[in-house]
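[1] Give me the fold of what follows.
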Amino acid sequence: MRKTTLLAVPTLALGALTMAAVPASAHEHDSWSAQAALNTLNSSGTTGDVMVDVHGTEATVSMNVSGAAETFMDGPFPHAQHIHIGAQGVCPPAGADTDGDGVVSTPEGHPFYGMIGASLTTEGDTSAESALAVERFPGGSSYTYERTFELDAATAESLQNGTAVVVVHGVDPAKMPAAAAEKMSSLNEELPLAATLPAACGTLTASQMGAMPEGGADTGVAQETGSSTEAVALGGGILAAVAGGAWALRRRAARA
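    Modelled structure (predicted):
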């Protein structure tokens, strides 16, 4: 098995990840579901769909993703993905690009999406503590993902009240404006900005639907669905990795 080298992950101020107490009533409904179309952000070309089926305190997340960044350093480009909760539940609009480089960075998008409620890893821990677990996220240009895990009360509450979003990260630098493609991430100077950019997102809408919604079209920085935009960004500083070394990502293909 090829090993991912992840050097010197810096400690970040992730105060936004501190979750307030949520009433146990979030789990009172035995079975329900939430769905979202994953729409392109930052001209990534990434789209998809996601369904979350909740049974008691367990959630099964099923995703289909396509058009994502394909490779990095001869390995699949890893795509961190999370359920974000507890804020506006919307994607940042184009106007969130306050520095004018043509993309919405993690800090620029932060006010719109909230904290990390669940890390959608392929194995192991699914909490916000695994936000940096690059070797346990899917990778490559297209993938399917399905996993069942214990759903905490705060995430369930956000799913039910419409403020939970799924965000997929990682954008091909060739699809970014030149000014942005040359930048390093503000989260860590050893990372390219492309590594931490939101690539697709969708607000999860609770319903009794039993089918996946269709993925959205590429609209550049952010896409509106209905009357509201959908949430984005990497809660409190994801993928801040590799201080003092190259971001070497030689890893196995993602598990379905």
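
[2] List phi and psi for the closest residue to residue 120 other than its chain neighbours.
    Closest residue to residue 120 apart from its sequence neighbours, by Cβ to Cβ, 6 or more residues apart in numbering: residue 81 at 4.4 Å. For glycine as for every other residue, the C-beta is placed from the backbone atoms N, C-alpha and C. The phi and psi torsions at residue 81 (degrees, to the nearest 10) take the values phi -150, psi 140.

[3] Return the backbone torsion pair for residue 113.
    Note on residue 113: its backbone torsions stand at phi -110, psi -30 [degrees, to the nearest 10].

[4] before we move on, back to that, tell me which residues touch the residue nearest to residue 120, please.
    63, 119-120, 137-138, 145, 166-169 (Cβ atoms under 8 Å, 6 or more residues apart in numbering).

[5] at 10 Å instead, please
    Applying Cβ atoms under 10 Å, 6 or more residues apart in numbering to residue 81 gives the contacts 38, 48, 50, 61, 63, 65, 118-121, 137-138, 143, 145, 166-170, 199-201.

[6] repeat for residue 162
    Residue 162 neighbours (Cβ under 10 Å, 6+ apart): 34, 89, 203-206, 228.

[7] residues in contact with the helix or strand harbouring residue 147?
    Element membership for residue 147 (DSSP states H and E) is strand 143-150. Outside strand 143-150, the residues that touch it by Cβ under 10 Å, 6+ apart are 48, 50-51, 53, 55-66, 68, 76, 79, 81, 118-127, 137-138, 168, 253-256.

[8] Now which of those would you call buried?
    By neighbour count, with 16 or more other Cβ atoms under 10 Å, the contacts of strand 143-150 hold 48, 50-51, 53, 59, 61-66, 68, 76, 79, 81, 118-122, 126-127, 137-138, 168, 254 as buried.

[9] Next step: those residues restricted to strands.
    48, 50-51, 53, 59, 61-66, 76, 81, 118-119, 168 (DSSP state E).

[10] Would you check which pair of the residues you listed lies furthest apart?
    Taking Cβ to Cβ, the two most distant members of these are 53 and 76; they sit 26.9 Å apart.

[11] those helices in the stretch 151-256 of the chain, which residues are they?
    Using DSSP state H, counting those that start in this stretch, the helices of the stretch 151-256 of the chain run over 153-161, 178-181, 193-196.

[12] Please work out the average pLDDT along the second one.
    The average pLDDT for helix 178-181 rounds to 93.

[13] Contacts for that helix, please.
    Counting by Cβ under 10 Å, 6+ apart, 42-43, 97, 99-105, 171-175, 192-194, 197 sit against helix 178-181.

[14] Please convert the buried members of those residues into ChimeraX selection syntax.
    Entered in ChimeraX, the line below selects the buried ones among those, by 16+ other Cβ under 10 Å:
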select :42,43,97,101,102,103,104,105,171,172,173,175,192,193,194,197
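
[15] so how far does stretch 130-142 reach from one end to the other?
    The first and final residues of stretch 130-142 sit 22 Å from each other (Cα to Cα, to the nearest Å).

[16] May I see the buried residues of it?
    Buried residues in stretch 130-142 (16+ other Cβ under 10 Å): 130-141.

[17] May I ask which helix or strand of the chain has the lowest mean pLDDT?
    Least confident helix or strand, the chain: strand 228-229 with a mean of 30, by mean pLDDT, DSSP states H and E.

[18] thinking residue 200 is in contact with residue 44, fair?
    Yes - using Cβ atoms under 10 Å, residue 200 is in contact with residue 44, at 6.5 Å.
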